[in-house]
Structure formats: C-alpha cells, structure tokens
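Novice: Provided below are the primary sequence and the corresponding predicted coordinates.
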Amino acid sequence: MTKEVYNRLEQYMLSQMGDGAHDPEHIYRVLYAALEIAETEPETDMDVLISACLLHDVGRKAQFRDPSLCHARVGSGMAYDFLLQNGFAENFAAHVRDCIRTHRFRGNDQPRSIEAKILFDADKLDAAGAIGIARTLLYNGKETEPIYTRAADGMISDGTKSDVPSFFHEYKRKLEGIYRGFYTAHGRVLAECRRKTAVDFYEALFREVQEPELAGREKLNILLN
C-alpha cells in the first residue's frame, strides 16, 4: 500500500469519527495491534488488513443516530462503496467489507479469513485490560449509565444478575469473558497479558463501593434506632 492510498483511507476514517470511546486513537491502536498479530500470520494480505482496520468503525455515527442499526453491517457497506468509488477492485472491496461486517463482538457473523480474524482480535484487544476498562467507563459516561445499580434486595449488584446498563453489568456481560473469544494464537497471548489488570480493577472497585456501604448501613441503623 502506498502512502497516498493510506492517507486517502485515513482521511475518510477521520471524517466519520465522532465518539470518544471509538475515536481515531482507537482506530490506530487496533491497526497497530493488528500489524503485530499479522507478523505471526504470514498468509495475511496486508493491504486488506490495513484497509479493514482503518475503516472498521465508519458506521458508528449511523448506529448512534439509530441504535437499532449495527455499525458493523452499516460500516461494511460504507467501506465497500468508498473503496469502489476510489478505484479499488471489487474483490478487494468485498474482502474488506466482509472483514468489517464480522468484527463486532456481539455480531452473529463469524470472521472466516485470516484478515477478518486479525481485525476481530485487534479490536477485542482494545476492550481488554486497562484500556478496555477506561473505554467502557468513557462510554458509560457518554450514555449517562452509572457505575453500578442495585439488586432487588437493595444491595449493590455486582453486575451478574442485572439487566440495567452499568459499568459492572458491562464488565460481567462482556469484559470478563472477552479473553476466551480470540481467533489467533498471538491475539490470545496479548489479551492474556492484560487480563489481570482488568480483574484487579473490577474487584477493587466493587470492594470500594460495597464495603463502605455495608459498614455505613450498620452505623446508620444504630444511629436511627
């Protein structure tokens, strides 16, 4: 890929970004992680991979405007159209489209090509470890979602049995189990290096909100009685 082509793809990506948790820096982190994983996968088509990484979240704005849409499906079509309009071959554009369509953690389509699997892993790696925690909290704040909610008994929920959006809920629903879903061997290694950081943060945060509450409730009950 030439620098000119890269710049054209990058400028299109930059024109579509508008969310702090899925900003250009997220795109670059995914790209750089993908390049590292690709070093262990010699059959990778690097032009396809770079294009797919740069364009994988161009459908985010559409999903924010209409949450019923899937940004992976919308974005895959946008990328396909953009590539065709800019002189790329149809089979190349289709390959990039398929990579983007299957990159979503909650999607039903499974990545099949090595490029699609690398993109999937690189994107999930950015939801692992400390950066995954930070991005989740940033997104929760944007959506005015709390750190935690309460269970039916009034106690703080750890996120396992709650359907109400919160950081603890998202950790239990996605972040805790994300380390099991990698397709490439090197992706799994990179993710595993980050796991303990995320676990330690979640457990410390839960202790810091639960323990003072239990002690505080007891003290308050004594004072009120």
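Specialist: Nice, I can see it.

Novice: show the contacting residues for I147.
Specialist: Listed by Cβ atoms under 8 Å, 6 or more residues apart in numbering, the contact set of I147 reads 137, 140, 166-168, 205, 209. In this view, the C-beta of every residue, glycine as well, is placed from N, C-alpha and C.

Novice: 10 Å - rerun?
Specialist: The contact partners of I147, taken as Cβ atoms under 10 Å, 6 or more residues apart in numbering, are 137, 140-141, 156, 166-168, 205-206, 209.

Novice: can you pull out the low-pLDDT segments for this protein?
Specialist: Low-confidence regions of the chain, defined by pLDDT under 70, span residues 20-21, 105-107.

Novice: remind me, longest helix of it?
Specialist: Secondary structure of the chain per DSSP state H: the longest helix is helix 185-224.

Novice: give the closest residue to P111 in space, chain neighbours not counted.
Specialist: T102 (4.2 Å; Cβ to Cβ, 6 or more residues apart in numbering).

Novice: go on, A79?
Specialist: Nearest residue to A79, sequence neighbours excluded (Cβ to Cβ, 6+ apart): L55, at 4.1 Å.

Novice: N140 now?
Specialist: Setting aside the residues directly before and after it, N140 is nearest to F167 in space (Cβ to Cβ, 6+ apart), at 5.2 Å.

Novice: number of nearby residues for the one you found?
Specialist: Using other Cβ atoms under 10 Å, F167 has 22 neighbouring residues.

Novice: and for the one 10 residues further on?
Specialist: The number of residues packed around G177, counting by other Cβ under 10 Å, is 11.

Novice: nearest residue to the middle of the protein?
Specialist: Among the residues of the chain, A127 comes closest to the average C-alpha position under Cα atoms, centre = their mean, at 4.7 Å.
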